[in-house]
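Trainee: what's the 3D shape of this:
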Amino acid sequence: MPVTLTLDGRTSEPSPGSSLFACAEQLGIRVPTSCHRDGRCKECLVEITEGAGLLSPPTEAERHLRGAYRLACQCRVTAGDGRVRAHTMRRGRMRIERQASALAARAMPSPPDPAVTRDGGRVLLDGDAIDRYRGALHGVALDLGTSTVVLRLLDLATGEAMADTSFENPQRFAGSDVMARIQYAAEYGPEPLVGAITAYISRAIAEFPADPATIYEVTVAGNSTMRDLFFRKDVGPIGRSPYRSITEAEVIEGRRATTAIADTGRGCGLPVHPDARVYGLPVISGHVGADAAACLLATGLADGDRLAAVMDIGTNTEILAGSRRRLVAASCPAGPAFEGGGVACGMPALEGAAESVSLGEDGAFRLGVIGGGEAEGLCGSGLVDLLSELLRTGLMNEMGRFRNGARRIVIDRARGLFLDERDVSELAQAKGANAAGLRIVLGALGIEAGDLDVLYLAGGFGRSLPVEPAQRIGLIPEMPAAKVVPVGNAAIEGATIALLSLSKRRELESIVSAVEHCRLETHPRFFDHFVEGCQFRRFAS
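Mentor: Below is the predicted model:
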């Protein structure tokens, strides 16, 4: 029996010696590349999820890759029989979150006041001419997540969102969390990480419906590590006590006024106007980065008197709570489980992901899939639904053990989808870190979850997070559903506000300096709260 290759859900029986790149072409799957398949561009990443032993050994061009990642142009099918499963770095069109946009619109000055303006036939950046007018003024907002990257193209003259896209962060070959990538950068240097993300972002920008030469500003949100890596800064200090970006250290030392950072399009290697400004939003403190700052902008948390909290749940969950009188923030080392990482059949919330799961009386699982069609895996909201259904029906207990000593729950046998005990453990630990972080932040304010006027759930995960199932498993607190408000990708919304409003950008730089950073790694109750949070039981408020 020949080797069977399943790549991005499509199956073939390749001849021995065929590269995965060639197999992808035959299956009609586009694999990113900008070289002649000789391993130089490092863009044709694939993740091998089954059958790695049926593939050729890694080549010198793949020396920088860790784990199950290979370059499609270097990796070849060997003789033998069995199954190989793999996928490319998944891409998808981000759904524009109208609810989040409406929330962010309330924080936006009217009319917008971008840094890029036009004076007759001249394009001005902060009042200085940088180009002749070419018929349009464009900008790009970028949310550089550990697991998923989102870009949005905007018309700076009107504020209109023209296009958006998202893709898996190709830096995942270095590890799924920020500490792994910091360690990787120390061992191999930052170049492979910077090169990979820059190539993918550049390809996304080139595919936007705009002349790249008319893109005059890019705003970047992301956690401290992702942001600083993108700007080619040393991320080593973020990985060791006191866990600070070098920009934060320089502010403390009086060597700079803000943790915001800027470069040019040319300096960042992006296909935009060479003199365009690439602006990194300010980090708050430690691992509470520019993505958390963007959430502040999008939710207006610092503008009102009501008590509110924001949970941007992801690999590095950010939690912000308080009001304009006092704000406390923390970063939770949750890991990538709720973004699909570390879970055998997990995947980011892109097309092909099951985002909802229900279990019928007939014992069959029913899946709601992003984009329709067959499920390729389960994203975070689908995993929450699944855990909730297993609890509701007694197939899993509060400790995460399956009924009758089972080790695996089969969800879709034909598609090979399942959940096993190791997956449950990963999800329990991610949930425990998130719950512990929220309890500690609220405790620092002297309040409980029941005192909150609103809990904002941010991120692509938060957009579709089912409230009752999330409360059943203890991911979010017990509180009236009306107080739980999904706000979509607040980080991209905040980056959009920073792009369209110079005044809001300056206001944010001032606000972040007043946010109190709660360091979970040194908190005496973190471990107790974490252990309690790992159990699948309701989070009492």
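Trainee: lowest-pLDDT helix or strand in the protein?
Mentor: Here the helix or strand of the chain ranked lowest by mean pLDDT, DSSP states H and E is helix 98-105, holding a mean of 54.
Trainee: What strands flank whatever helix or strand comes next after it, and is each parallel or antiparallel?
Mentor: Toward the C-terminus, helix 98-105 is succeeded by strand 116-119 as the next helix or strand (DSSP states H and E). Partners of strand 116-119 in the sheet, by DSSP bridges, are strand 122-125 (antiparallel).
Trainee: Pull out the buried residues from the strand it pairs with.
Mentor: Neighbour-count burial for strand 122-125, with 16 or more other CB atoms under 10 Å as criterion, is recorded at 123-125. All C-beta atoms are positioned from the backbone trio N, CA, C, and that covers glycine.
Trainee: Over to stretch 75-84?
Mentor: 75-77, 84.
Trainee: before we move on, what about stretch 373-392?
Mentor: Going by 16+ other CB under 10 Å, stretch 373-392 has these buried residues: 375-391.
Trainee: that older thread, pick the one among the buried residues of stretch 75-84 closest to Gly289.
Mentor: Distance to Gly289, by CB to CB, is smallest for Cys75 among these, at 34.0 Å.
Trainee: Find the nearest non-adjacent residue to the closest one, please.
Mentor: Counting by CB to CB, 6 or more residues apart in numbering, Cys75 lies nearest to Leu20, which is 4.9 Å off, once chain neighbours are set aside.
Trainee: What segments of the stretch 1-150 of the chain are strands?
Mentor: Remark: strands assigned in the stretch 1-150 of the chain by DSSP state E, counting those that start in this stretch are 3-7, 10-12, 45-50, 69-71, 82-88, 91-92, 116-119, 122-125, 128-132, 138-144, 148-155.
Trainee: just those strands: most buried one?
Mentor: strand 138-144 (a mean of 28; mean count of other CB atoms under 10 Å).
Trainee: Can you spell out the domain ranges of this structure, please?
Mentor: 3-88, 98-299 (automatic domain parsing).
Trainee: out of these, which comes closest to Gly416?
Mentor: Between those, domain 3-88 lies closest to Gly416; by CB to CB that is 7.9 Å.
Trainee: chain center to the closest one: distance?
Mentor: Its chain's C-alpha centre and that of domain 3-88 lie 25 Å apart, by CA atoms, centre = their mean, to the nearest Å.
Trainee: for stretch 161-168, same thing?
Mentor: 13 Å.
Trainee: ok so, going back, can you tell me which of the strands of the stretch 1-150 of the chain has the worst average pLDDT?
Mentor: Ranked by mean pLDDT, these bottom out at strand 91-92, with a mean of 65.
Trainee: if we can go back for a sec, quick one: which of the buried residues of stretch 75-84 is nearest Ala290?
Mentor: Nearest to Ala290 among those, with distances taken as CB to CB, is Cys75, at 35.1 Å.
Trainee: next helix or strand past whichever helix in the chain runs longest?
Mentor: Ranked by number of residues, the top helix in the chain under DSSP state H is helix 421-445. Next in sequence after helix 421-445, counting helices and strands by DSSP H and E, comes strand 454-458.
Trainee: which helices and strands sit right next to the helix or strand that that next one is followed by?
Mentor: Towards the C-terminus, the helix or strand next in line after strand 454-458, according to DSSP H and E, is helix 459-464. Helix 459-464 is packed against strand 308-312, helix 380-392, strand 484-486, with contacts defined by 3 or more CB pairs under 8 Å, 6 or more residues apart in numbering; DSSP states H and E.
Trainee: The first one: how far from the chain's middle?
Mentor: Relative to the mean C-alpha coordinate of its chain, strand 308-312 is positioned 16 Å out (CA atoms, centre = their mean).
Trainee: What of the last one?
Mentor: If you compare the mean C-alpha spot of strand 484-486 with that of the full chain, they lie 19 Å apart, counting by CA atoms, centre = their mean.
Trainee: Check the second one too.
Mentor: Centre-to-centre, helix 380-392 and its host chain are 21 Å apart (CA atoms, centre = their mean).
Trainee: With stretch 458-467 instead?
Mentor: The answer for stretch 458-467 is 13 Å, by CA atoms, centre = their mean.
Trainee: Quick one: end-to-end length of that stretch, please.
Mentor: One end of stretch 458-467 to the other measures 13 Å (CA to CA, to the nearest Å).
Trainee: so where's the stretch 251-400 of the chain shaky on pLDDT?
Mentor: Counting by pLDDT under 70, the stretch 251-400 of the chain contains no low-confidence range.
Trainee: And Ser331, its phi and psi?
Mentor: phi -120, psi 130 (degrees, to the nearest 10).
Trainee: about what we covered before: and the angle for the longest helix of the chain with strand 308-312?
Mentor: Helix 421-445 and strand 308-312 meet at an angle of 150 degrees, taking axes from the mean of the first three to the mean of the last three CA atoms, to 10 degrees as the criterion.
Trainee: for helix 421-445, what is the average pLDDT?
Mentor: 95.
Trainee: residue contacts, Ile130?
Mentor: Remark: with contacts taken as CB atoms under 8 Å, 6 or more residues apart in numbering, Ile130 is in contact with 123-124, 216, 273, 275-276.
Trainee: quick check, distance from stretch 499-507 to the centre of its chain.
Mentor: For stretch 499-507, the distance to the chain centre is 23 Å (CA atoms, centre = their mean).
Trainee: What are the buried residues along that stretch?
Mentor: By 16+ other CB under 10 Å, the buried positions in stretch 499-507 come out as 499-502, 504-505, 507.
Trainee: any residues touching that stretch, and which ones?
Mentor: With contacts defined as CB under 8 Å, 6+ apart, stretch 499-507 is touched by 107-109, 112-115, 126, 139-141, 154, 156, 159, 217-219, 260, 279, 281, 297, 497-498.
Trainee: Ok, stretch 237-244 next?
Mentor: 178-179, 182-183, 186, 224-225, 228, 245-246, 249, 252, 285-287, 519, 521.
Trainee: mind listing what Asp305 touches?
Mentor: Per CB under 8 Å, 6+ apart, neighbours of Asp305: 323-325.
Trainee: Could you tell me which of the residues you listed are located in helices?
Mentor: Per DSSP H, those never map to helices.
Trainee: Just the buried ones from those?
Mentor: Buried among these by 16+ other CB under 10 Å: Ser323.
Trainee: What is the nearest of the contacts of Asp305 to Leu438?
Mentor: So of the contacts of Asp305, ranked by how close each gets to Leu438 (CB to CB), first place is Ser323, at 16.5 Å.
Trainee: Can you say which of the strands of the stretch 1-150 of the chain is nearest to Gly368?
Mentor: strand 91-92 (15.6 Å).
Trainee: Span of stretch 399-412 from start to end?
Mentor: OK, stretch 399-412 end separation, CA to CA: 24 Å.
Trainee: Can you give me the buried ones in it?
Mentor: 400, 402, 409, 411-412.
Trainee: Next: stretch 226-237.
Mentor: Quick answer for stretch 226-237 (16+ other CB under 10 Å): 226-233, 235, 237.
Trainee: where does the stretch 101-250 of the chain have low pLDDT?
Mentor: 101-107, 109.
Trainee: at 90 instead, please
Mentor: 101-112, 147-148, 168, 176-177 (pLDDT under 90).
Trainee: hmm, which two among the buried residues of stretch 226-237 are most spread apart?
Mentor: Checking these with CB to CB, the most distant pair is Phe230 and Pro237, at 16.2 Å.
Trainee: what about the closest residue to Leu367 other than its chain neighbours, which helix or strand?
Mentor: Closest residue to Leu367 apart from its sequence neighbours, by CB to CB, 6+ apart: Ala354 at 4.1 Å. Per DSSP H and E: Ala354 is located in strand 353-359.
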